[in-house]
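In: Turn this into a structure:
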Amino acid sequence: MLNRTPHVRLYNELKPAVQQPIDRYTQGRPQHNFIRSIKPREELPRIRNSGAILAALRRDPRVRGVAPKTQVQVFYNVGTVTLNGTISGIVPEQENALFAFGDYVVAGDFLSLNTVPNSIILGKAAADLMLVDLDDVVQVTTPKGDHVQLKVVGLFQSGLLEIDKVQSYTSLATAQKLLGESNIYVTDLQVKLHDFTLAPRLAKEYAKLYEVQAMDIQTANAEFETGTFVRTLISYAVGITLLTVAGFGIYNILNMMIYEKMDTIAILKAVGFSGTDVRRLFVAVALSIGLFGGALGLVGGLGLSALIAQLPFTPASLPAVKTYPIDFNPVFYGIAAVFSILTTYLAGFFPARKASKVDPVVIIRGK
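Out: All right, here's what the predicted structure looks like:
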């Protein structure tokens, strides 16, 4: 979803006119107008002056790239049965560069859209439903009622079954021809940013500047963002809990060591060791546990992660994934190393402070 979703989508949504004719007629009069069943304005869902907007976006230093798209609502004709479908007209090279389109084409070559006239890349679920394969011909009915035959040059799998039943792709020129429109007819401009966190602000800016509707990736995937935040929060909570429990284990070990080494501590203090020396000694023991255990855990975790990353994992919902996805970001290992040292230091500091206050006279007298 993150691969295939633009950071900012510019489009022209058909809406009723904000100001109705009767409002202009009665402007300035002390009355209210109540209008029901308002129809949308009679206009095409295209972006006006799309060429100039496209050029301006590509000059914007915040924009990584822009890909135009033309959406066509069609019917797939399977004998006497018709199936609803949506064909997206794209520029294959730009779509692949910005949205990894080629990774989701599970059969055929997406560049064939440029070389084969009247070609289409069908959603795999739609192809299975219509029992067609590569090099077969499918017939579609356009919004104007025309019947057009398109050659299947590829199969596309997004991982969402309901989308793959209706979604297909063709070249931008073919989509414009299906609609009977000129080569400037574009319904969507898909914008990829260098920093996607700027998407909400830039969506508002572009909507006002170009007089179009704009949808940012955060708004479009608000439910996904919420779910991701909750899952991340739970995983960090579990990890911190486990490390804290490990810290208490180290604390208990050092605490028991002090009780067992009371005689040694008393002798050390009797021969001239100060409380600070004793505290440093036990803190050093704690840190050695943290360093050795942390290093062992990091190496073991890295090795286990590398092993898991080699295991085959080919779910139908993730066609671009072939093995278990593992994130080897060094930041995670740095966090683990710092937390292990910090935890063991705190776990050793309090028993060490207790050991530094031992009175050697009381211990030796008891013996």
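In: Can you report how many residues neighbour N3?
Out: 12 (other C-beta atoms under 10 Å). Bear in mind the C-beta positions are built from the backbone N, C-alpha and C, glycine included.
In: how near is the residue nearest to it when sequence neighbours are not counted to S340?
Out: Nearest residue to N3, sequence neighbours excluded (C-beta to C-beta, 6 or more residues apart in numbering): A100, at 4.8 Å. According to C-beta to C-beta, to the nearest Å, A100 and S340 sit 37 Å apart.
In: So for these two, which sits in the more crowded spot?
Out: Neighbours of A100 and S340, each counted by other C-beta under 10 Å, are more numerous for S340; the result is 25 against 12.
In: ok, I341 touching G294?
Out: Yes. Using C-beta atoms under 8 Å, I341 is in contact with G294, at 6.5 Å.
In: Tell me which residues of stretch 277-296 come out buried.
Out: V278, R279, L281, F282, V283, V285, A286, L287, I289, G290, G293, G294 (16 or more other C-beta atoms under 10 Å).
In: helix or strand right after the helix or strand where the fifth one lies?
Out: This points to V283. Using DSSP states H and E, the element containing V283 is helix 275-308. Next helix or strand after helix 275-308 toward the C-terminus (DSSP H and E): helix 330-356.
In: now for that next one, which elements pack on it?
Out: Applying 3 or more C-beta pairs under 8 Å, 6 or more residues apart in numbering; DSSP states H and E, we find helix 330-356 packed against helix 222-260, helix 275-308.
In: Give me the distance between A337 and G249.
Out: For A337, the distance to G249 - C-beta to C-beta - is 18 Å.
In: I figured K192 hits P6, correct?
Out: Yes. With contact defined as C-beta under 8 Å, K192 and P6 form a contacting pair (6.2 Å).
In: Just the closest of the buried residues of stretch 277-296 to S168, please.
Out: G294 (52.4 Å; C-beta to C-beta).
In: just to revisit the earlier point, let me have the helices and strands packed on helix 330-356 in a markdown table, extended by mean pLDDT and distance to V81.
Out: A markdown table is the format used below for the helices and strands packed on helix 330-356 (pLDDT from 0 to 100; distance: least, C-beta to C-beta, whole Å):
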| stretch | mean pLDDT | distance to V81 |
| --- | --- | --- |
| helix 222-260 | 82 | 34 |
| helix 275-308 | 88 | 46 |
